[in-house]
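>>> Provided below for reference: sequence and predicted model.
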Amino acid sequence: MITKNRSVLAVLAIAVSGFTAGTAAAEGKLSIYHWFEYIPQELLDAFSAETGIEVTMDTYDSNEAMLATLKAGKLGSYDVAVPGDYMVEIMIGEGMLDMIAEGELANVGNIEKQWLDVPFDPGRKHSIPYQWGSTSFSVNRDVYDGDIRTTSIIFDPPEELKGRVNILDAQGEVMLLASMHLGIPQCSTDRDQLKALDELLQGAKQHWASFNSDGAKDVLVSGDAAVGMIWNGFSAKARAEGANIEYSYPREGLIVWMDNVVLLKDAPNRANAIRFMDFLLEPENIAAVTNFAQYSAGVMGVTDLLDDALKSQPESIPPADAPAGTFVQVCDQATQEVYDAIWTRLKK
Amino acid sequence: MAEPATGLAISASFRPLRVWLLLPSWLVIGFFLLAPVLVMLVYSFLTKEFRGGVIWEFSLAAYDQFVFDRGLFGDEPPTIEWTYITIFARSITQAALATVFCLVIGFPTAFFIATRSPATRSIWLFLVTVPYWVNLLIRTVSMKFLIRDNGPLNELLLALGVISEPLAMINTNFAVQLGLFYSYLPFMVLPVYASVERYDFSLSEAAADLYAGRWTILRRVLLPVVRPGIIAGCILVFVPSLGAFLAPDLLGGAKNFMIGSLIEEQFKGNAGNWPFGAAASMILLTLVLLALLLLVRQQRTTEAG
């Protein structure tokens, strides 16, 4: 989830507020840095009622905004944050996360096997699963009734869909989808492959109507776009709001993502952060988040606690022949700089 | 600054206190305006740290990146980089167009209001401000609803038979222009109104008595007198339009960078190139300052001549 409406001034404000950071540690408190609208208030109230810990929460609207804030001096004033997969890896590399010791989390056994060891945090030393889902695209079935299980819908759309495509304003996911379309690895260092990536995007842009992340659902519901890159839970919400859309599981590959609760370095209330993580590993608690956000939890025993509509929604149940999910990979500096150059050229 | 004669005695009695009375505004300006600009200036000459942040080593890399194109991989012989010039030119064109449209619509509007009877003027002014009680974001989103393919405007035109296919307005430069024009129109109307209101219409009558035509009166008498209001209005529309990002994002589809979104990307994008974002800000700031200085100088020479 990445939104764009932040000005340079806001970045400055972050930088300035960083100088005054350093909240004193206090007994019975927990300071959360979280995405906007991603946890039900009732759940936080339940945590406070159960433990007597007073919870405060600040929110952000993109992984990068969170990183910028913490880098500008806010590290040490929050206990936990909820970065996406690739951002966990970046934060580990930046030394911004604390280690969860063996046996420290009582409920660690509740984590589903497939999420116990993940590429972005080998051995789950710093994080626990929060929610996960996939990123693909949805097509308006009133406009186009052909085969949609191909990334050509985005990069070489059929006549009916030309000029009516909305793209997520998220570099990592767009680059991964484009790489899948070309059949090249992520973060390729091969110059010909990178040039092909650049040419693909340059050529596809003429068919695209807009770049929009936080409005990715609305453009599909309103009909401004007939195809839209979108996260699966967001697509389910668009369908619930009346859009006759189908979520695609392209044969070329499926992007998966996972948001994770991480223990921040210099957490002022470390013990309470651990208690909060244990709380979120209880099936009934994380099920409340899933029912709210409509993605999927990475904890065993959640399925029975979900709303009926959520149990059977096609956006959460890939067909049997769908490819295995791929996470957005963290590129090294040289490749990332080429990616940035391609992205800037795309938006020139 | 010249002080009005009547204020002399009063200001003399306040003189010993002046430093203290001015201190709050100096602090506010210093802390919220000068300090951030200085931070940006310094950052623009530092070395970038990967994924945001700066390394405290002097570097001209940010300005080099703005001016020279060294190919996708950064190892080709340098040529002139057109990417950022294109982005700046696009923003400047859009802002200039918005200023012209605001002036063309805003000047007659202000003239109309200023020539009403004093009792009704305040009602007209009040009406101009009514839409601005609503937040800019909400108004921009509403504009999007109005002009989308199956929105009310297209449906009305279709029903009237003016068009047979919906006009594609959303996600175009036209939509961006409409958003900028609509957002900043009152910034033109209000200062122009203020100067037209003070205009002494007996000057026009005197000019007419001396056989000046309507066009000549407008050009030689009215416009020179209300000129400061027009210039103030143009600055108030042009400068915020230049850095606008709501209209380009929401109405233009965010397909093409404007200056504002280019700078934002440097701080929130994947590589997090803070020095380049700071450098682009400084270049923008310098351009705006130069334009304003030129305007002021030109105004001085016209007044002197």
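Thanks, I have the structure now.

>>> who are the neighbours in contact with residue 116?
You didn't pick a chain, so chain A it is. A:Arg124 (Cβ atoms under 8 Å, 6 or more residues apart in numbering or on different chains). (C-beta placed from N, C-alpha, C; glycine too.)

>>> nope, chain B please
Here B:Arg116 is in contact with B:Trp124 (Cβ under 8 Å, 6+ apart).

>>> looking at it, B:Leu46 is touching B:Glu57, isn't it?
Yes - applying Cβ atoms under 8 Å, one finds B:Leu46 in contact with B:Glu57, separated by 6.7 Å.

>>> Comparing those two, which shows the higher neighbour count?
B:Leu46 (19 against 8; other Cβ atoms under 10 Å in any protein chain shown).

>>> What segments of the stretch 51-200 of chain A are helices?
For the stretch 51-200 of chain A, the helices defined by DSSP state H, counting those that start in this stretch occupy A:63-69, A:85-93, A:152-155, A:171-182, A:191-204.

>>> ok, residue 163 - how many residues close by?
No chain was given, so I picked chain A. A:Gly163 has 14 neighbours, counted by other Cβ under 10 Å.

>>> Actually, chain B is the one I wanted.
Neighbour tally, B:Ile163, other Cβ under 10 Å: 11.

>>> Point me to the helix or strand that includes it.
For B:Ile163, there is no enclosing helix or strand under DSSP states H and E.

>>> What about the residue nearest to it when sequence neighbours are not counted, how many residues nearby?
In space, and not counting its chain neighbours, B:Ile163 is closest to B:Leu157: 4.8 Å by Cβ to Cβ, 6 or more residues apart in numbering or on different chains. Using other Cβ under 10 Å, B:Leu157 has 14 other residues around it.

>>> B:Leu157 is in what secondary structure piece?
Going by DSSP H and E, B:Leu157 is in helix B:152-160.

>>> returning to what we had before: model confidence for the residue nearest to B:Ile163, exactly?
For B:Leu157, the model assigns a pLDDT of 91.

>>> low-scoring pLDDT stretches of the chain, where are they?
Using chain A. A:1-27 (pLDDT under 70).

>>> look at chain B instead
Using pLDDT under 70, chain B drops low at B:1-14, B:270-271, B:303-305.

>>> In it, what residue lies closest to chain A?
The nearest approach of chain B to chain A comes at B:Gly253, 3.0 Å away (Cβ to the nearest Cβ).

>>> In chain A, spot the strand with the most residues.
strand A:127-140 (DSSP state E).

>>> related to what we said a few turns ago, just checking, the residue of chain B closest to chain A is part of a helix?
No - remark: B:Gly253 does not belong to a helix; assigned using DSSP: H, G, I helix; E, B strand; the rest coil, it is coil.

>>> Can you get me a residue count around it?
Using other Cβ under 10 Å, B:Gly253 is surrounded by 25 other residues.

>>> ok, it - contacts?
A:Ala209, A:Ser210, A:Phe211, A:Asn212, B:Ile170, B:Asn171.

>>> Buried residues, the longest strand seen in chain B. List them.
Longest strand in chain B, counting residues (DSSP E): strand B:54-58. Neighbour-count burial for strand B:54-58 flags B:Val54 (criterion: 16 or more other Cβ atoms under 10 Å in any protein chain shown).

>>> And it, what does it pack against?
Secondary-structure packing of strand B:54-58 (3 or more Cβ pairs under 8 Å, 6 or more residues apart in numbering or on different chains; DSSP states H and E): strand B:46-48.

>>> how many other residues sit next to residue 176?
I went with chain A, as the question did not name one. The burial count for A:Leu176: 21, using other Cβ under 10 Å.

>>> ah, no, chain B please
25.

>>> quick one, helices of the stretch 101-250 of chain B?
Going by DSSP H, counting those that start in this stretch, the stretch 101-250 of chain B shows helices at B:118-129, B:136-147, B:152-160, B:173-197, B:202-209, B:214-216, B:223-242, B:246-250.

>>> Any idea how far the fifth one is from the middle of the chain?
Averaged C-alpha coordinates place helix B:202-209 at 35 Å from its chain's average position (Cα atoms, centre = their mean, to the nearest Å).

>>> try the second one
For helix B:136-147, the distance from its own C-alpha centre to the chain's C-alpha centre is 19 Å (Cα atoms, centre = their mean).

>>> How about the third one?
Its chain's average C-alpha position is 32 Å from that of helix B:152-160, according to Cα atoms, centre = their mean.

>>> buried set for that helix?
Judged by neighbour count using 16+ other Cβ under 10 Å, the buried positions of helix B:152-160 are B:Asn154.

>>> follow-up on the earlier one: would you mind listing the buried residues in the longest strand of chain A?
A:127-140.

>>> from these, which single one is nearest B:Pro166?
Ranked by distance to B:Pro166 (Cβ to Cβ), the buried residues of strand A:127-140 are led by A:Asn140 at 15.5 Å.

>>> Can you name the residues bridging to the closest one?
Bridge pairing for A:Asn140 (DSSP bridges) gives the partners A:Ile245.

>>> Hmm, it is touching A:Val227, no?
Yes - judged on Cβ under 8 Å, A:Asn140 makes contact with A:Val227 at a distance of 7.1 Å.
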